[in-house]
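Undergrad: quick one, what's the 3D model for this:
(one chain, ligands or ions: 2)
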Amino acid sequence: MVADKADVNANDQNDKLDVLKSTQKVVKKALDKLGYPNEVYDLLKEPVRMMTVRIPVRMDDDSIKIFTGFRAQHNDAVGPTKGGVRFHPNVSEKEVKALSIWMSLKAGIVDLPYGGGKGGIVCDPRDMSFRELEGVSRGYVRAISQIVGPTKDIPAPDVFTNSQIMAWMMDEYSRIDEFNNPGFITGKPLVLGGSHGRESATAKGVTICIEEAAKKKGIQIEGARVVVQGFGNAGSFLAKFMHDKGANVVGISDAHGGLHDPDGLDIDYLLDRRDSFGTVTNLFKNTITNQELLELDCDILVPAAIENQITEENAGKIKADIVVEAANGPTTLEATKILSDRGILLVPDVLASAGGVTVSYFEWVQNNQGYYWTEEEVEEKLHKVIVKGFDNVFRTAENRRVDMRLAAYMVGVRKMAEASRFRGWI
Ligand SMILES: NC(=O)C1=CN([C@@H]2O[C@H](COP(=O)(O)OP(=O)(O)OC[C@H]3O[C@@H](n4cnc5c(N)ncnc54)[C@H](O)[C@@H]3O)[C@@H](O)[C@H]2O)C=CC1
Ligand SMILES: O=C(O)CCC(=O)C(=O)O
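TA: Ligands and ions are numbered 1, 2, ... in the order given. This is a model prediction of the structure:
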């Protein structure tokens, strides 16, 4: 039977948006460039462990709803796996697997003693009460408790999860373990052993990457025009940091749309009005679409929301000189090539968003030693780690004549490949 041309095109399009397939492609390229044999790719192309769980929760109307959750542990040769938990209606097994591989790469780039893990629950927290969210959070921990723990796999926040959810999860794990165990999870409230600086760490890391990229491009942050897609944990703190450094934040957005003002938006006002899910544009009339936002005239563009936002359809229309990926997976491989060929400096997700896991690591270290650092100490350590990661990736891109994403994968994959080899796995 001959496949219909329309079907072939649709499959081709689906493949391009398949974050797991795209990630595997670049992991393979990176390993080939580094001269590793195929067995290494065979090990690293999928998580070593993937758990699917069903979580029954009694809802406020007294019905029982069964939620589906996942936890992927990509590679634990270097150390315990680590990575956030996402609550979102579009969570899928493939997405969680890809996210766990990205976590391994982040840990490699910023040289943390971890492999990558990631979790997700298919749900929409925007439509759930506090009590229902607590039920899902505690149920998830009970369901995955056998494979997680402070020396096995350490969860953290991600899209639509926050320090309150981390607190419930930590409490549930501590009950199962029968002792207070703050090192089970990071991103906790300060009073439960959280670290100073974790809440804003992802945006701090992105800010440091923007500063380093701007130096390479000869752009002054003061007066630079910045556009940020997403106004949640990563995007809103970033907009604030850029605004405080004298940049002109000319566009921001959330899931409902975007706001644009060529003279600069009032970021403090928007921060004050946004809700806990990073929504603010619903309060305004003259909004633009997220696609229009990405194509705005600006110097620095920061996708800080979801995957597959910059594709081959719009990459040619991006006007920024620098694109820094605060979100995981916002740019497809085809778009990466278009941006790189156009001379746009792309700082890839696995480097740009590594500030969050870095401060999560600091939180875990502080929990393990029972001695807590000041905000200044955290910031200073984070700055050193991210600058070093940026330099390594930038130098690799230049020396090996590859784009920044491939360079980041080459830097990120090496440690887990070596650790897996020393352990005699491959
Ligand atoms: N929170 C963290 O520590 C880290 C987050 N990231 C990544 O940063 C990105 C954002 O995460 P957070 O800020 O934590 O999430 P969040 O839940 O705090 O905020 C998400 C933001 O994205 C917006 N959004 C959701 N769907 C959208 C859509 N279809 N179009 C446009 N905007 C949409 C929401 O309205 C909200 O403003 C994600 O890709 C996440 O994986 C990466 C590293 C660490
Ligand atoms: O803080 C962490 O451990 C993980 C953060 C995370 O999920 C991410 O970087 O995507």
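Undergrad: please count neighbours and contacts with C-alpha atoms only from this point.
TA: Noted.
Undergrad: and Ser145, what does it touch?
TA: Residues in contact with Ser145 (Cα atoms under 8 Å, 6 or more residues apart in numbering) are Tyr173.
Undergrad: likewise the one 3 residues further on?
TA: Contacts were defined as Cα under 8 Å, 6+ apart; by that measure Val148 touches Ile154, Phe184.
Undergrad: from Thr281, how far off is it?
TA: 38 Å (Cα to Cα, to the nearest Å).
Undergrad: can you check Lys215 too?
TA: 32 Å.
Undergrad: can you list the residues of the protein near ligand 1?
TA: Residues of the chain lying close to ligand 1 (Cα under 6 Å from any ligand atom) are 157-160, 202, 230-235, 254-255, 277-279, 304-306, 326-328, 353, 356.
Undergrad: please report how far the closest residue to Val136 other than its chain neighbours lies from Phe231.
TA: Distances taken as Cα to Cα, 6 or more residues apart in numbering place Val57 nearest to Val136, at 6.3 Å, with adjacent residues excluded. The gap separating Val57 from Phe231 is 30 Å, by Cα to Cα.
Undergrad: then Glu172?
TA: According to Cα to Cα, Glu172 stands 30 Å off from Phe231.
Undergrad: higher neighbour count, those two?
TA: Phe231 (28 against 21; other Cα atoms under 10 Å).
Undergrad: list the contacts of the closest residue to that one other than its chain neighbours.
TA: Spatially, and ignoring its direct neighbours in sequence, Phe231 is nearest to Gly278 (4.9 Å; Cα to Cα, 6+ apart). By Cα under 8 Å, 6+ apart, Gly278 lies in contact with Gly230, Phe231, Gly232, Asn233, Ser236, Asp254.
Undergrad: let's see it at 10 Å
TA: 160, 230-236, 253-255, 271, 305 (Cα atoms under 10 Å, 6 or more residues apart in numbering).
Undergrad: how close does it get to Phe394?
TA: 32 Å.
Undergrad: one more: Ala335?
TA: 19 Å.
Undergrad: looking at Lys215 and Thr281, which is more packed in?
TA: The neighbour count for Lys215 versus Thr281, taken as other Cα under 10 Å, is higher for Thr281 (22 against 12).
Undergrad: just the helices in the stretch 201-350 of the chain please.
TA: 201-217, 233-244, 267-273, 290-294, 333-341, 349-352 (DSSP state H, counting those that start in this stretch).
Undergrad: just the buried residues of the third one, please?
TA: Judged by neighbour count (16 or more other Cα atoms under 10 Å), helix 267-273 contains these buried residues: Ile267, Leu270, Leu271.
Undergrad: same question for the fourth one.
TA: With burial defined by 16+ other Cα under 10 Å, the residues of helix 290-294 counted as buried are Asn290, Leu293, Leu294.
Undergrad: could you dump those to CSV with pLDDT?
TA: Shown next, in CSV, are the buried residues of helix 290-294 (pLDDT from 0 to 100):
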residue, pLDDT
Asn290, 98
Leu293, 98
Leu294, 98
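Undergrad: contacts only, for Ala352.
TA: Here Ala352 is in contact with 106, 202-210, 302, 324-328, 346, 386, 389-390 (criterion: Cα under 10 Å, 6+ apart).
Undergrad: name the residues of the stretch 1-150 of the chain found near ligand 2, please.
TA: Lys82, Gly83, Gly84.
Undergrad: could you export those as a markdown table, including secondary structure?
TA: Listed next are these as a markdown table, based on DSSP: H, G, I helix; E, B strand; the rest coil:
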| residue | secondary structure |
| --- | --- |
| Lys82 | strand |
| Gly83 | strand |
| Gly84 | strand |
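Undergrad: burial count for Val191?
TA: 8.
Undergrad: and it, that one's in a strand?
TA: No: secondary structure of Val191 (three-state DSSP): helix, not part of a strand.
Undergrad: for it, report the pLDDT, please.
TA: Here the pLDDT value assigned to Val191 is 98.
Undergrad: and Asp15, by the same measure?
TA: So Asp15 comes in at 83 (pLDDT).
Undergrad: tell me the SS of the closest residue to it other than its chain neighbours?
TA: With sequence-adjacent residues excluded and distances taken as Cα to Cα, 6+ apart, Asp15 is closest to Lys21, at 7.0 Å. Under the three-state scheme (three-state DSSP), Lys21 adopts helix.
Undergrad: how long is stretch 157-168 from one end to the other?
TA: In stretch 157-168, first residue to last residue: 12 Å (Cα to Cα).
Undergrad: from Arg54, how far out is the nearest residue to Val48 once chain neighbours are set aside?
TA: Of all residues not flanking Val48 in the chain, His74 sits nearest, at 5.3 Å (Cα to Cα, 6+ apart). Distance from His74 to Arg54, counting by Cα to Cα: 21 Å.
Undergrad: these two: which is more packed in?
TA: His74 (29 against 15).
Undergrad: wait, that one touches Met51, no?
TA: No: His74 lies out of contact with Met51 (Cα atoms under 10 Å); the separation is 11.4 Å.
Undergrad: now do the same contact list for Leu346.
TA: 213, 301, 321-325, 331, 336-337, 339-340, 352, 403-405.
Undergrad: now the helices for the stretch 51-200 of the chain?
TA: Under DSSP H, counting those that start in this stretch, the stretch 51-200 of the chain gives helices at 93-109, 130-144, 163-177.
Undergrad: okay if I get those helices as JSON lines plus distance to Ile426?
TA: Shown next, in JSON lines, are those (distance: least, Cα to Cα, whole Å):
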{"stretch": "helix 93-109", "distance to Ile426": "17"}
{"stretch": "helix 130-144", "distance to Ile426": "28"}
{"stretch": "helix 163-177", "distance to Ile426": "34"}
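Undergrad: rebuild these as JSON lines, extending it with distance to Val78 and mean pLDDT.
TA: What follows is the helices of the stretch 51-200 of the chain, written out as JSON lines (distance: least, Cα to Cα, whole Å; pLDDT from 0 to 100):
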{"stretch": "helix 93-109", "distance to Val78": "9", "mean pLDDT": "98"}
{"stretch": "helix 130-144", "distance to Val78": "21", "mean pLDDT": "98"}
{"stretch": "helix 163-177", "distance to Val78": "24", "mean pLDDT": "97"}
